[in-house]
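> Okay, structure incoming, though there's no sequence with it:
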């Protein structure tokens with residue numbers, strides 16, 4: 001039996017979607033999918049630049065995040081801003097950056113996200129007339145300064161909701177549908 005090293009072939013296949021020609025096809029497919037599920041207001045959620053950088057570093061096998069500094073977030077935001085250009089034709093009203101730490105154990109030591117440091121992303125969303133917000137574990141910060149709030153998981157049992165310009169809530173997978181409907185009505 002002859003064994004052959006498929007590493008190069010697999011690498012080529014994995015790299016294919018990232019080539020320029022394929023990016024155009026991916027963009028067209030993504031736009032078609034998002035337009036097919038279009039609602040009155042679209043929210044686009046992506047990892048915040050520091051979170052994205054840290055997760056990529058972890059996936060690459062380096063779990064020591066102590067070398068990542070706040071300035072790295074601004075550098076990473078340049079790449080995110082460039083990537084967002086591909087979606088400028090979509091009816092997005094809000095870009096939500098996910099800056100949580102408690103949902104992923106490897107991120108616990110990562111420095112805090114700072115929305116003000118993400119100037120390239122802020123400039124891009126301003127150009128596209130989108131809103132910009134950063135979701136952390138317990139807060140929802142909008143680029144224009146008006147605070148929002150993250151609804152705690154305890155809300156689904158105790159009914160105590162926070163106040164804010166906008167609320168971000170995640171429904172627990174094991175929540176009873178009737179209770180969820182009642183709690184959502186309470187938020188309205």
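Yep, that arrived. Owing to the predicted nature of the structure, the values given are computational and were not obtained by experimental measurement. Numbers count the residues shown, from 1 in each chain.
> Is the residue nearest to the spatial centre of the chain within a helix or a strand, and which one?
Closest to where the C-alpha atoms of the chain average out (Cα atoms, centre = their mean) is residue 46, at 1.9 Å. Assigning secondary structure by DSSP states H and E places residue 46 in strand 42-47.
> ok so, going back, do you know how far the residue nearest to the centre of the chain is from residue 121?
Distance of residue 46 to residue 121, given as Cβ to Cβ, to the nearest Å: 9 Å. C-beta: built from backbone N, CA, C; applies to glycine.
> what touches both of those two?
In terms of Cβ atoms under 8 Å, 6 or more residues apart in numbering, residue 46 and residue 121 are both contacted by the residues 80, 95, 97.
> between these, which has the most around it?
Compared across these, residue 97 has the highest neighbour count, 27 neighbours, by other Cβ atoms under 10 Å.
> give me the beta-bridge partners of that one?
Residues in a beta bridge with residue 97, per DSSP bridges, are residue 46, residue 134.
> how about the strands of the chain, start to end?
Using DSSP state E, the strands found in the chain span residues 42-47, 92-98, 131-135, 140-142, 147-150, 167-168.
> got those strands as JSON lines, with mean pLDDT and distance to residue 62 columns?
Below are the strands of the chain laid out as JSON lines (pLDDT from 0 to 100; distance: least, Cβ to Cβ, whole Å):
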{"stretch": "strand 42-47", "mean pLDDT": "86", "distance to residue 62": "17"}
{"stretch": "strand 92-98", "mean pLDDT": "91", "distance to residue 62": "21"}
{"stretch": "strand 131-135", "mean pLDDT": "94", "distance to residue 62": "25"}
{"stretch": "strand 140-142", "mean pLDDT": "92", "distance to residue 62": "29"}
{"stretch": "strand 147-150", "mean pLDDT": "89", "distance to residue 62": "29"}
{"stretch": "strand 167-168", "mean pLDDT": "88", "distance to residue 62": "31"}
